[in-house]
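**Student:** Could you work out the structure for the sequence below:
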Amino acid sequence: MKKWMLALLCMAAASLVMSGCAANASGTTATAAPLTTNAPMTTMEPATAEPTMAATIAPEATASAQTSMTPAEAGRLAEKISEAVERISEVNDAEVVVSENRVLVAVEFENQYNAGLDERMKQTIIETVQKVDDSLTDIEVTDDDTLYGQVKGLAERVGKATGLDELADDFGDLWDRIIGR
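**Tutor:** Below is the predicted model of the structure:
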C-alpha cells in the first residue's frame, strides 16, 4: 500500500512538472499555486514498523528552537519528546521541558528495570530526543525523583506562561541542579 501511494505522489508531481514545461513551450505561463499542506506526516521506521513523530513537527517549530519559541510551541514539542521517550521499553514515564535549544528530560523507569540511568540509557534518551527535533543541541537527563517532580512542575508552568523568558531563571536553576553545578 505504501509503495502504491508513493508511486501516485511521484506521478502527480511529474504531471505538475510536465504541465509547467508544456505551458512554457506554448508561450504561456503556468499559474498553479505551490502545493502545501499543514497535515502532520508520520514515518514508519523499518525496524519497528511503528509510526514515529519525527516528521510531525512543523517547520516553524523546528526553526523556533533556534529563535524565540512561544510557550505553546515549547509545550507541544515537549509533549512529542515525552511521548517518544516513553516508547523506550525501560521508561515508564517522562517529563520534559524545552527552552530554546535546551531540553530537560526527567524519567521514571519501569519497576523491573534495575540499571538506572547509565551511559547507554542516557545516550538512548538523547538520541530519541534528537530524532524528534535535531536542532535541540543541549539535552540533560535525570532519573532523580525530586528533580522529576521539579521538571513536571516547571512543565505545567510553561503551559500557563505568557513567555518563556519569565521561566528562564527557574529553567536555568533546574538545569544546573540536574548537571550537578
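**Student:** ok, A84 to V151 distance?
**Tutor:** When distance is defined by C-beta to C-beta, to the nearest Å, A84 is 16 Å away from V151. Using the backbone N, CA and C atoms, a C-beta is placed for each residue, glycine as well.
**Student:** And these two? Which one has more around it.
**Tutor:** Using other C-beta atoms under 10 Å as the criterion, A84 and V151 rank with V151 on top: 26 against 21.
**Student:** What is the neighbour count of W175?
**Tutor:** What W175 shows, counting by other C-beta under 10 Å, is a neighbour count of 17.
**Student:** got it, and E156?
**Tutor:** E156: 12 neighbours (other C-beta under 10 Å).
**Student:** Quick check: which element contains it?
**Tutor:** helix 145-160 (DSSP states H and E).
**Student:** Next: D93.
**Tutor:** Per DSSP H and E: strand 91-99 holds D93.
**Student:** thinking again about what came up before, and the angle from the helix holding E156 to strand 91-99?
**Tutor:** Angle, helix 145-160 to strand 91-99, by axes from the mean of the first three to the mean of the last three C-alpha atoms, to 10 degrees: 50 degrees.
**Student:** Could you pull out the buried residues of helix 145-160?
**Tutor:** L147, Y148, Q150, V151, K152, L154, A155, V158 (16 or more other C-beta atoms under 10 Å).
**Student:** ok, the fifth one to D134 distance?
**Tutor:** The one in question is K152. Taken as C-beta to C-beta, the span from K152 to D134 is 25 Å.
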